[in-house]
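>>> from the sequence below, what's the structure:
(2 chains)
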Amino acid sequence: MTGLGLGLMILLGGLIILFFVVMFVIGAYNRLVALRNRYKNAYAQIDVQLKRRYDLIPNLVETAKGYIKHERETLENVTKARNIAYTAAQTAAANPGDANAMKSLGSAETGLAGTLSRLMMVSESYPDLKANQNMMQLTEELTSTENKISFARQAYNDSVMTYNTQREVFPANLIANNFNFAAAELFVVDKPEEKAAPKVQF
Amino acid sequence: MDFFERQEKARRNTKLLVVYFVTGVALLILVVYLVVAIVFTASGLRHRGRHYNYYNNDTQIEAAQHSLWNPRLFLGVALGTLAVIGIGSAFKTMELAQGGSAVSSMMGGRLLSPNSTDLDERKLLNVVEEMALASGVAVPPVYVMDSEQGINAFAAGHTTSDATITVTRGCMKLLTRDELQGVIAHEFSHVLNGDMRLNLRLLGAIFGILCLAVIGRILLQARGGNSRDRNALPLLGLALLVIGYVGVFFGHLIQAAVSRQREFLADASAVQFTRNPLGITGALKKIGGLGEMGSRVSAAHSEEVSHMFFGNGLATPLFGLLATHPPLEERIRAIDPAFDGNFPHTRYAPEEESPYQIAEAAIPARRTAMPPLVPVAMAAAMSNLGTPNTAHLHYAVELRNSFPPALKDAAREAMGASALVYGLLLSTDPAMRETQLRLLAQNTSDAIRQETQRLLPVVDPVATNAKLPLVDLAVPGLRQLSPAQYLQFSKATQALIEADGEVDLFEYVLQKIVLRNLDTQFSGARKVVVQFYALTPLAPDCSVLLSALAHVSSEDPAQCQAAFQQGARILSAAARAPMTYVTSEQCNLSQVDTALNRLNQTVPQIKKTVLNACVQVVAADGVIQEMEAELLRAIADALDCPMPPFLQPQQQAMAANA
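Below is the predicted model:
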């Protein structure tokens, strides 16, 4: 009987260990899902602000058109860059964190930021445009939206980092690999003014 | 039954549940032991009989007698069973301890972005925002289960600060605004009545027992092994499986019985809240009209949360004995006795415009400033606690509409919401404001300071009694902060409050509300463990709180002391200990903070006494000023007793006529 009791103890001990392992797997899996949801949700926050900015830009271009006589192509470039970024954002929103989508959105945004700062520079030489009430309001709103985008982008990148770390550390990486938790991509926008001093040409 | 009694009842139910559960587990251990003993003795004897058949019969009989009561075996079985149930429950409880959001995402809910522009989502978010303002709690996160076509909803979380509301797609798409309001009011009642903690305990306990059955299933499939246990293992597995499921069955039985009671209560509270029986009955009728689909939820975990739903989430076998909700007809008749039992056919179709929606649209964006300095009838203060009614709802709708769009937009995203809170904390004194803005830029970034300044023209005119609701509205936006940004945010608010170096109780409680509601997200759900069942050891804390309130109530030291005495009288009697009036240096913010935290660890009835005393202090001069009213609400909120907004008598009357 003692032998039986001991055998049973070992069996139960084994079961409990197995149980711990199962619980751990479930816990780690759930945590990965939660973190993935978090960064996707963080992306949704950027998306709302991006859309707002894409809506503002055509108005800005329309207002500036009436004043800017010479460098018309600056305006066209802004519109073009805005459209590219708009498409990129739509792709990214469908699959946030996807490496290709985030990279192309990043470069599209960098391009848009470049053309916009160029437009701002050009508008410096049109005092009437600068004094225009509508233009002032739009610029103000654009700055505010850009601030919000970079704030939301920071939150997104933070949560992507947490998620990526979680899926790379042992032993959670075993679960991440087996259940297809792909790495998420950061959203990086290069600020042109930080890279090089702007060249002003007339 | 007032708010505190309902809370107390939920607590008593929880305790009763623990008793049931412990008895159940003890019984389970006994049964498992019996099965193990019988199975192993039988198989052991068979083996022994085969191998050692030269032993005489006496030994066999002796062995059999021995084995039926074997203390070591019993210890092993008891520990094993306890370990399985314990680990299972602990695991589930831990998973749920992350708060309502864990449950909502477990059910496949998608978190709605607070600044969503989708029409249906916006409608749902608006209804939730109004309900939250009317009941005086922070706006909870809202989730939608996109793959569920039935009409159902549930609330989850430990307290109001980590509560979430989850609705099915059918609920969002099929219901009119009024019906949606009824459903959300029902869910809010669960939150306010303290049903959620009860629910989470139940979830943990039942899951623990379910683990027994799971292990049984594993054993049943684990054939083979060594020859000695070959026959015993599947048999034991089968027994565990049966025992586990019988345990779960009884667990569900208890769950269902408790749940059905709470459902009627929540229905009644919802009608009291919206004073619109058509809303909730309409929603119930539509569930009936959907036929087969009804309120069915097919998510994998729906059995676990079945008792939290608005309607039955599962098929109900056994003549409704296991039903977590009373039958639809019965629920409708409880509200509308004239119901004929015919459910109109419900289809997915473009919904009709609800009159409520038109009424709302007709209210023009009005002044932000509500009438200043209102004497409030103080009797209303306590009776309304945790029991918002139609007047509060109307008030909330109006208040929300009175906020300029820029303010509402800002409250819905992370950066704007933080800027909004910073803006509310800025001093009216220009020099001090300058200092605070500098501090803000140091603690955060220039962009945030800019955003705060940009919002100032809309934040500054916000009336005192609209500040707290505004903070409640900003909470969903603030939830979008990343942990690093949250750290920065809490440092910055601290810096802004301490900038002027003087006690500003209102600023403090404002910050407390924000941080309290966000802490649940960034550092796990706060579990308030009741540690005090009597007021006596808390006398010093009461003294600090009442003194701090008294200092705010008047400029004149003599009047302050008189005000203090008003409240102290009540508490001295309740605590059977004298209250001492302390100077304002002795009740600074950190001391008030400690006192509030300790007072929060008490049973509901004590909180009621304390809040009553607080009302007496601020009403000592016959009126409750607007600032005092908001202070009271904030303190009540810090004690987990949400207080609806204070209304003037004419507002009450207006709403009653409307």
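
>>> any idea how far residue A:130 is from residue B:645?
Going from residue B:645 to residue A:130 by C-beta to C-beta, to the nearest Å gives 46 Å. The way it works is simple: take the backbone N, C-alpha and C, and place the C-beta from them, glycine included.

>>> now residue A:53
Taken as C-beta to C-beta, the span from residue A:53 to residue A:130 is 20 Å.

>>> about what we covered before: so residue B:645 and residue A:130 - more neighbours on which side?
Using other C-beta atoms under 10 Å in any protein chain shown as the criterion, residue B:645 and residue A:130 rank with residue B:645 on top: 24 against 14.

>>> how about the more buried one, secondary structure?
The local conformation at residue B:645, judged by DSSP: H, G, I helix; E, B strand; the rest coil, is coil.

>>> okay, now residue B:241: neighbour count?
A count of nearby residues for residue B:241, using other C-beta under 10 Å, gives 19.

>>> distance from the helix or strand encompassing it to the middle of the chain?
Here residue B:241 sits within helix B:232-274, counting by DSSP states H and E. Relative to its chain's centre, helix B:232-274 lies at 20 Å (C-alpha atoms, centre = their mean, to the nearest Å).

>>> packing partners of that helix?
On a contact count with 3 or more C-beta pairs under 8 Å, 6 or more residues apart in numbering or on different chains; DSSP states H and E, helix B:232-274 meets helix B:3-51, helix B:119-135, helix B:177-192, helix B:195-221, helix B:277-289, helix B:328-335, helix B:390-402.

>>> let me know which of those helices is tucked in deepest.
helix B:177-192 (a mean of 26; mean count of other C-beta atoms under 10 Å in any protein chain shown).

>>> local confidence estimate at residue 45?
If you meant another chain, say so; for now it's chain A. Looking at residue A:45, its pLDDT reads 86.

>>> wrong one, chain B
At residue B:45, pLDDT is 55.

>>> now residue B:125
92.

>>> next, the contact list for it, please.
For residue B:125, the contact set (C-beta atoms under 8 Å, 6 or more residues apart in numbering or on different chains) comprises B:112, B:114, B:116, B:142.

>>> model confidence for the residue nearest to the first one when sequence neighbours are not counted, exactly?
Closest residue to residue B:112 in three dimensions, ignoring its sequence neighbours and counting by C-beta to C-beta, 6 or more residues apart in numbering or on different chains: residue B:142, at 4.7 Å. We note a pLDDT of 93 for residue B:142 in this prediction.

>>> now for residue B:142: which residues touch it?
With C-beta under 8 Å, 6+ apart, residue B:142 has these contacts: B:111-112, B:124-125, B:128, B:164-167.

>>> pick the one among these closest to residue B:289.
Distance to residue B:289 across the contacts of residue B:142 (C-beta to C-beta) is lowest for residue B:167, with 17.7 Å.

>>> and the helix or strand where the closest one lies, which strands flank it?
Assigned by DSSP H and E, residue B:167 belongs to strand B:164-168. Here strand B:164-168 is paired, per DSSP bridges, with strand B:142-145 (parallel), strand B:153-156 (antiparallel).

>>> what helices or strands is the helix or strand encompassing residue A:113 leaning on?
Element membership of residue A:113, judged by DSSP H and E, is helix A:99-123. With contacts taken as 3+ C-beta pairs under 8 Å, 6+ apart, helix A:99-123 sits against helix A:2-65, helix A:72-94, helix A:133-168, helix A:192-195.

>>> 7 Å instead, please
helix A:72-94, helix A:192-195 (3 or more C-beta pairs under 7 Å, 6 or more residues apart in numbering or on different chains; DSSP states H and E).

>>> using JSON lines, lay out those helices together with mean pLDDT and mean neighbour count.
Shown next, in JSON lines, are the helices and strands packed on helix A:99-123 (pLDDT from 0 to 100; neighbours: other C-beta atoms under 10 Å in any protein chain shown):
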{"stretch": "helix A:72-94", "mean pLDDT": "91", "mean neighbour count": "17"}
{"stretch": "helix A:192-195", "mean pLDDT": "52", "mean neighbour count": "10"}
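
>>> picking up where we left off before, between the contacts of residue B:142, which is closest to chain A?
Distance to chain A, by C-beta to the nearest C-beta, is smallest for residue B:111 among the contacts of residue B:142, at 5.2 Å.

>>> quick one: distance of stretch B:438-456 to the chain centre.
Distance of stretch B:438-456 from its chain centroid, counting by C-alpha atoms, centre = their mean, is 33 Å.

>>> surely residue B:582 is in a strand?
No: assigned with three-state DSSP, residue B:582 falls outside any strand and is coil.

>>> which residues are in contact with it?
Contacts for residue B:582 (C-beta atoms under 7 Å, 6 or more residues apart in numbering or on different chains) come out as B:543-544, B:547.

>>> what about it, distance to chain A?
Look at residue B:582 and chain A: by C-beta to the nearest C-beta, to the nearest Å, they are 43 Å apart.

>>> next one, pLDDT for that residue please.
pLDDT at residue B:582 comes out at 83.

>>> what do you get for residue A:29?
86.

>>> what do you get for residue A:145?
Taking residue A:145 on its own, its pLDDT is 90.

>>> around chain B, which positions in chain A sit nearby?
Neighbours of chain B within chain A, by C-beta under 7 Å from any C-beta of the partner chain: A:1, A:4-5, A:8-9, A:12, A:15-16, A:19, A:23, A:30, A:33-34, A:37, A:41, A:44-45, A:48, A:144, A:147-148, A:151-152, A:154-155, A:158-159.

>>> now with 6 Å?
A:1, A:4-5, A:8-9, A:12, A:15-16, A:23, A:37, A:41, A:44-45, A:48, A:147-148, A:151, A:155, A:158-159 (C-beta under 6 Å from any C-beta of the partner chain).

>>> buried by neighbour count, from these: which ones?
For these, a neighbour count by 16 or more other C-beta atoms under 10 Å in any protein chain shown gives the buried set as A:4-5, A:8-9, A:12, A:15-16, A:23, A:37, A:41, A:44-45, A:48, A:147-148, A:151, A:155, A:158-159.

>>> now do the helix holding residue A:113 and helix A:72-94, the angle between them.
In terms of direction (axes from the mean of the first three to the mean of the last three C-alpha atoms, to 10 degrees), helix A:99-123 departs from helix A:72-94 by 150 degrees.
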